[in-house]
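> Sequence and predicted structure, then a few things I'm wondering about:
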Amino acid sequence: MTTACNLTDRHCVPCEGGVTPYDRTAAETVMKDLPEWILSDDGKSISRDFKFKGFFRTMSFVNAMAWIANSENHHPDFMTGYNHCEVTFTTHAIDGLSENDFICAAKVDALLA
């Protein structure tokens, strides 16, 4: 079984399609190690709303998250406000979830550990 610790040690593999997305059962299994993340109703994405004390801390998080996303070449969608950032991962090339989404979610979580 993949664990969050294991996920943070891994790196994303380019995905240009041709890979079967995780089904709901497989996604729920991996998400046991990412308890703060929410699986979308259609099972195609995971998201988490991070809360912060003020704008500067929020933007610091966004910049650190951007560094991870760029390093892994796997980029989230996110919405940022004064004291929060909602992050969503999906693998657009397969219209669903791949291991890359879980790797990046675990690495983003590690920013706050």
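That came through, no problem. Numbering: from 1, shown residues only.
> which SS state does H75 fall under?
Recorded secondary structure, H75: coil (DSSP: H, G, I helix; E, B strand; the rest coil).
> Please name the residues that touch it.
Neighbouring residues of H75 by C-beta atoms under 8 Å, 6 or more residues apart in numbering: A69. Placement of C-beta: from N, CA and C, glycine included.
> what's stretch 24-32 in contact with?
Residues contacting stretch 24-32 (C-beta under 8 Å, 6+ apart): M1, T2, L7, Y22, W37, L39, G43, I46, L97, F102.
> Centre of the chain to that stretch, how far?
Relative to the mean C-alpha coordinate of its chain, stretch 24-32 is positioned 14 Å out (C-alpha atoms, centre = their mean, to the nearest Å).
> again with stretch 52-66
On the basis of C-alpha atoms, centre = their mean, stretch 52-66 sits 16 Å off its chain's mean C-alpha point.
> List buried residues within the contacts of stretch 24-32.
By neighbour count, with 16 or more other C-beta atoms under 10 Å, those hold T2, L7, Y22, W37, L39, G43, I46, L97, F102 as buried.
> in the sheet, who's paired with the fifth one?
Beta-bridge partners for L39, by DSSP bridges, are I46.
> Can you spell out which helices and strands pack onto whichever strand or helix holds V87?
Assigned by DSSP states H and E, V87 falls within strand 84-89. With contacts defined as 3 or more C-beta pairs under 8 Å, 6 or more residues apart in numbering; DSSP states H and E, strand 84-89 has these neighbours: strand 46-51, helix 55-72, strand 77-81, helix 99-110.
> Before I go, just wanted to say thanks for your time.
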